[in-house]
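Engineer: got a predicted structure plus its sequence, pasted below:
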Amino acid sequence: MKNLSVWKVIIYIFLVIMAVLYLAPLLWTFNVAFKTNKEIFTAPFALPQNPTMENFTFAWTAGKLGIATLNSFIVCVVTLILSMVIGSMAAFGIARLRWKFSHLALVYFLTGMMIPVHCVLIPLFTRFAKVGLSNSLTGLVLPYLTFSLPITIFIMVGFFEGMPNELIESACIDGASIYQIFFKVCLPLGKTGLFVTGLMTFVGNWNELLLAMVFISDDMKKTLPVSLSKFVGPYNTNYSQMFAAIIIAIIPTIVVYCAFSNQIVDGLTAGAVKG
């Protein structure tokens, strides 16, 4: 019993150290966002002497973070809805419908998790340029959706396979069609999985930079990560304004994770265990 208590203390100390390591950069970024450039270089770790909101005002107006935030929101929400609908349907077909190539279909979708975006960047750019999808938000939604589907299908397959067979059989006996079984039985039971995959999809696409930087050249169509890159110049960087812009960009993801962290962990755990 004494050894068990010692191990608990060691684990708690380790967790505290890890929490400090993760939170320290975030707190430091929040601190310097209220400073001037001079204060950042003279006293980088001290509290701001005269906290100012001018950095946030400049980042929002001159940096065009307002329209960039709207573009990111549109792209991420459209991708989120499509990935949840298409991914859940594909996962249901793989997990619950008995057909010959269901396992091969799952492997096919999961290969998307092993393909880095850098490998398809040039082919996508040339193809989108030919069909007129470059420099458009639609041209971002398609690759975002493609790279979001594998993890969505993978997690939702675990949820659907973990559902009791008796529920499906009872629905069949009552005369429910395959669509009614999906929408009225399986989908409500798998809402935790949808919740988890939705959060992962939204946050991942919210922070995506490479595709948005390559495909979008119009300032009025750029997403938030691309707009943040404009605060770093080749010869000069205004760090106080850049850190203020970073705070604006990460606030939505921080709020989401703080509000729904327990649901994320519970959903991932439930999806990993088959009943």
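Structural biologist: Yes, it's here.

Engineer: quick one: Val255 from Phe202, how far?
Structural biologist: 12 Å (C-beta to C-beta, to the nearest Å). Using the backbone N, CA and C atoms, a C-beta is placed for each residue, glycine as well.

Engineer: if you count what's nearby, which of these two comes out ahead?
Structural biologist: Under the criterion of other C-beta atoms under 10 Å, the comparison of Val255 against Phe202 puts Phe202 first, with 21 against 10.

Engineer: which ones are touching the more buried one?
Structural biologist: Cys76, Val77, Leu80, Val256 (C-beta atoms under 8 Å, 6 or more residues apart in numbering).

Engineer: quick check: mean pLDDT of the helix or strand that contains it?
Structural biologist: Assessed by DSSP states H and E, Phe202 sits inside helix 191-206. In this model, helix 191-206 has a mean pLDDT of 86.

Engineer: list the buried residues for that helix?
Structural biologist: Going by neighbour count (16 or more other C-beta atoms under 10 Å), the buried part of helix 191-206 is 192-206.

Engineer: buried sites along stretch 100-112?
Structural biologist: Neighbour-count burial for stretch 100-112 flags Leu106, Phe109 (criterion: 16+ other C-beta under 10 Å).

Engineer: can you give me the pLDDT of Ile251?
Structural biologist: If you check Ile251, the pLDDT there is 85.

Engineer: hmm, back to that, now, the contacts of Phe202 that are in helices?
Structural biologist: Those of the contacts of Phe202 mapping onto helices are Cys76, Val77, Leu80, Val256, per DSSP state H.

Engineer: give the contact list for the first one.
Structural biologist: With contacts defined as C-beta under 8 Å, 6+ apart, the neighbours of Cys76 are Tyr144, Thr201, Phe202, Asn205, Trp206.

Engineer: once you drop chain neighbours, what's closest to Ala46?
Structural biologist: Glu39 (7.7 Å; C-beta to C-beta, 6 or more residues apart in numbering).

Engineer: ugh, wrong one, I meant Asn207
Structural biologist: Leaving aside its chain neighbours, Asn207 sits nearest to Pro225 (6.2 Å; criterion: C-beta to C-beta, 6+ apart).

Engineer: correct me if wrong: the one you found contacts Asn205.
Structural biologist: No. The criterion here is C-beta atoms under 8 Å, and Pro225 misses it with Asn205 at 10.0 Å.

Engineer: any residues in contact with both of those two?
Structural biologist: With C-beta under 8 Å, 6+ apart, Pro225 and Asn205 have no common neighbours.

Engineer: one step back: please save the CA atoms from the helix holding Phe202 in CSV.
Structural biologist: C-alpha atoms of helix 191-206 as CSV (Å, rounded to 0.1, in the frame of the first residue of the first chain):
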residue,chain,number,x,y,z
LYS,A,191,-23.6,10.7,-31.3
THR,A,192,-20.7,10.7,-29.0
GLY,A,193,-18.5,9.4,-31.8
LEU,A,194,-19.8,12.1,-34.1
PHE,A,195,-19.1,14.7,-31.4
VAL,A,196,-15.5,13.5,-31.1
THR,A,197,-14.8,13.3,-34.8
GLY,A,198,-16.5,16.6,-35.3
LEU,A,199,-14.2,18.4,-32.8
MET,A,200,-11.1,16.8,-34.3
THR,A,201,-12.1,17.7,-37.8
PHE,A,202,-13.0,21.3,-36.9
VAL,A,203,-9.9,22.0,-34.9
GLY,A,204,-7.6,20.3,-37.4
ASN,A,205,-8.9,22.2,-40.3
TRP,A,206,-9.0,25.5,-38.3
